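Undergrad: Show me the folded form of this:
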Amino acid sequence: MKKYLIMTSVLAFSIIVCLIDAVLQPNYFVKIPIKIIFFLALPMLFFIKNKSDFKDFKSLFVFRKKGILKAFLLGIAVYTVILSGYLLTKNIFDFSNVTSSLTEGMGITADNFIYVSLYISLMNSFLEEFFFRGYGFMTLKKHTSPKIAYIFSSAIFAIYHIGMLLDMFSIGVLLLLMFGLIAGGCIFNYLNERNNSIYPSWFVHMFANFAINTVGFILFGII
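TA: From the prediction side, this is the model:
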């Protein structure tokens, strides 16, 4: 019953990381190896025991030009939508807790935010694509229906973010962000499925993080 093993591990690992964010609130640089363990190292145990699945999984990391240009254009569109959304709502919703939560909860300040933003955009996005799309969607889809894989992967992707966002936003903004994360997860899943490659979704994910980090630079008063 591989589908139950995949779904259980994706759910468990995501909730553990979410609780670490919400309860323990470690320094962000301490969180990096924790995420590597749960989102990269532990899923590899599944592939060590299931080599046929790993063969298909590896094919997702073969670079293909197909879909890259469309992903680039979609990435620019996503960047524009996210940044525009912030600029249009900054006087409606309260974003004042974001920087204080980042500083007090994760040790992120204006001085080190540039390094954190680079990691989030480049490496953290890859870890999440590896885990939620490569393992939690494409591999899961082989053992269950596409509909279940879409819903499960996207929903868990959103739930996983609750721990880090809980102290930053009001309940209204948080619910809006959850909806956006579920929609984003579905888009990333579609890009993986259509191109049989992790790179288009990773590319768009990077642009989404670029936009979020741009907002972070604004809130920290860096730009």
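Undergrad: C-alpha only now, for contacts and for neighbours.
TA: Fine.
Undergrad: Hmm, residue 189 is touching residue 201, no?
TA: Yes: using C-alpha atoms under 8 Å, residue 189 makes contact with residue 201 at a distance of 7.4 Å.
Undergrad: those helices in this protein, which residues are they?
TA: Under the criterion DSSP state H, helices of the chain are mapped to 2-19, 28-36, 42-49, 51-59, 68-89, 97-106, 113-118, 125-128, 140-141, 146-160, 162-165, 171-195, 199-219.
Undergrad: so which of these gets nearest residue 134?
TA: Comparison of the helices of the chain against residue 134 by C-alpha to C-alpha identifies helix 51-59 as nearest, at 6.8 Å.
Undergrad: which of the residues in the closest one are buried?
TA: Along helix 51-59, these residues count as buried under the neighbour rule (16 or more other C-alpha atoms under 10 Å): 53, 54, 57.
Undergrad: Let me have those residues in TSV, extended by pLDDT.
TA: What follows is the buried residues of helix 51-59, written out as TSV (pLDDT from 0 to 100):
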residue	pLDDT
53	92
54	91
57	93
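Undergrad: with these in mind, which one is nearest to residue 90?
TA: Using C-alpha to C-alpha, residue 57 is the member of the buried residues of helix 51-59 that lies nearest residue 90, at 41.0 Å.
Undergrad: OK, contacts around that closest one?
TA: Neighbour list for residue 57: 134, 135, 138, 139 [criterion: C-alpha atoms under 8 Å, 6 or more residues apart in numbering].
Undergrad: now residue 199
TA: Residue 199 is in contact with 60, 61, 63, 68, 192, counting by C-alpha under 8 Å, 6+ apart.
Undergrad: sorry, back to before: more neighbours: residue 189 and residue 201, which one.
TA: Ranked by neighbour count (other C-alpha atoms under 10 Å), residue 189 and residue 201 place residue 201 first, with 29 against 25.
Undergrad: gap between that one and residue 26?
TA: As judged by C-alpha to C-alpha, to the nearest Å, residue 201 and residue 26 stand 28 Å apart.
Undergrad: go on, residue 85?
TA: From residue 85 to residue 26 the distance is 29 Å (C-alpha to C-alpha).
Undergrad: which of the two has more neighbours?
TA: For residue 85 versus residue 26, the count of surrounding residues by other C-alpha under 10 Å is larger for residue 26: 17 against 11.
Undergrad: hang on, that one packs against residue 20?
TA: Yes: between residue 26 and residue 20 there is a contact under C-alpha under 8 Å: 7.3 Å.
Undergrad: Give me the angle between the helix-or-strand element of the chain with minimal mean pLDDT and helix 28-36.
TA: Within the chain, no helix or strand scores below helix 97-106, which has a mean of 83 by mean pLDDT, DSSP states H and E. With axes from the mean of the first three to the mean of the last three C-alpha atoms, to 10 degrees applied, the angle from helix 97-106 to helix 28-36 works out at 80 degrees.
Undergrad: Point to the residue nearest the middle of this structure.
TA: residue 128 (4.7 Å; C-alpha atoms, centre = their mean).
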